[in-house]
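A.B. asks: Everything below, folded, please.
(one chain, ligands or ions: 1)
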Amino acid sequence: MRIDVLTIFPSFFDVLEVSLLGKARSAGLLDVRVHDLREWTHDRHRTVDDTPYGGGAGMVMKPEPWGEALDAVTQDSERPVIVFPSPAGEVFSQRTARDLVETDHLVFGCGRYEGIDERVFAYAATLGEVRLMSLGDYVLNGGEVAAMAMIEAVGRLVPGVVGNPESLVEESHEDGLLEYPSYTKPSSWRGYDVPPILLSGNHGAIAAWRREQQVQRTIERRPDLLPGND
Ligand SMILES: CN1CCN(Cc2ccc(Cn3ccc4ccc(-c5n[nH]c(N)c5C#N)cc43)cc2)CC1
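C.D. replies: I've put the predicted structure just below:
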């Protein structure tokens with residue numbers, strides 16, 4: 001999978017060189033290319049923003065650099081998916097990640113200021129599938145944090161990136177429920193004991209206990225995930 005990121009803060013994504021995704025990149029499983037949007041400006045000040053038509057607070061990102069940047073990163077791509085993190089987007093979920101991991105070429109357009117000129121989204125739709133996506137119902141200062149989270153959520157689903165694929169199945173949200181609690185040695189720590197069922201060796205009973213824990217946690221913390229509550 002190829003991932004292109006367009007941002008005015010390219011160093012923000014340096015962390016992608018380390019950890020899991022760093023190894024995946026080295027192994028050729030992920031081809032992540034981060035670009036400075038200012039590469040596609042042509043004035044002395046490398047301007048990417050201007051005042052909003054119709055008035056209003058703050059600045060809006062100019063369409064010209066975005067148009068040239070999107071042309072450049074999609075020029076040898078058949079049908080990219082172009083994701084613009086946005087507070088006005090669909091909420092990104094594990095289901096979204098599973099959907100996006102099937103894509104050959106993902107482009108993330110990270111906005112700043114008060115957002116990107118709306119015409120950029122219309123133009124981008126002539127280059128590929130456009131999806132405005134939100135990390136959640138709170139306001140960030142730009143799209144980089146959201147893009148980083150989405151890249152990690154999608155990247156770890158690429159076959160071979162996570163060592164043990166089984167661990168991808170028993171995760172929160174994979175089966176629509178929150179994950180069960182996990183424990184490791186020692187069996188007793190500062191007066192806290194591991195639930196005895198987990199030491200029983202009775203795998204059927206352990207599986208049943210874990211499922212019950214998932215249901216109980218989901219009812220307590222995320223009733224909205226339960227069937228019939230959407
Ligand atoms: C006319 N006014 C009407 C109110 N808006 C509100 C507004 C719009 C953007 C920003 C800052 N910002 C710029 C690019 C950008 C991308 C993603 C996100 C983002 N925030 N929260 C998420 N889950 C995000 C994600 N993913 C924020 C971003 C701040 C405030 C401004 C214009």
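A.B. asks: Enumerate the positions of the helix ranked longest in the chain that are buried.
C.D. replies: If you go by DSSP state H, the chain has its longest helix at helix 203-221. Of all the residues in helix 203-221, those buried under the rule 16 or more other C-beta atoms under 10 Å are 206, 209-210, 213-214, 217-218. Where you see a C-beta, it was placed from the backbone N, CA and C, and this is true even at glycine.
A.B. asks: got a list of what the residue most central in space within the chain touches?
C.D. replies: The chain has residue 150 as the residue nearest its centroid, 0.6 Å off, counting by C-alpha atoms, centre = their mean. For residue 150, the contacting residues are 83, 85, 92, 96-97, 100, 108, 133, 135, by C-beta atoms under 8 Å, 6 or more residues apart in numbering.
A.B. asks: Give me the buried entries from these.
C.D. replies: 83, 85, 92, 96-97, 100, 108, 133, 135.
A.B. asks: could you redo the residues you listed as TSV and give each row pLDDT?
C.D. replies: Listed next are the buried ones among the contacts of residue 150 as TSV, based on pLDDT from 0 to 100:
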residue	pLDDT
83	98
85	98
92	98
96	97
97	97
100	98
108	98
133	98
135	97
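A.B. asks: picking that back up, nearest to the ligand among the buried residues of helix 203-221?
C.D. replies: Taking C-beta to the nearest ligand atom as the measure, residue 218 is the one of these closest to the ligand, at 23.0 Å.
A.B. asks: The top strand by length along the chain: which residues count as buried?
C.D. replies: In the chain, assigned by DSSP state E, the strand with the most residues is strand 81-91. For strand 81-91, burial by neighbour count (16+ other C-beta under 10 Å) applies to 81-86, 89.
A.B. asks: from the residues you listed, which are also near the ligand?
C.D. replies: Among these, the residues within reach of the ligand (C-beta under 6 Å from any ligand atom) are 85-86.
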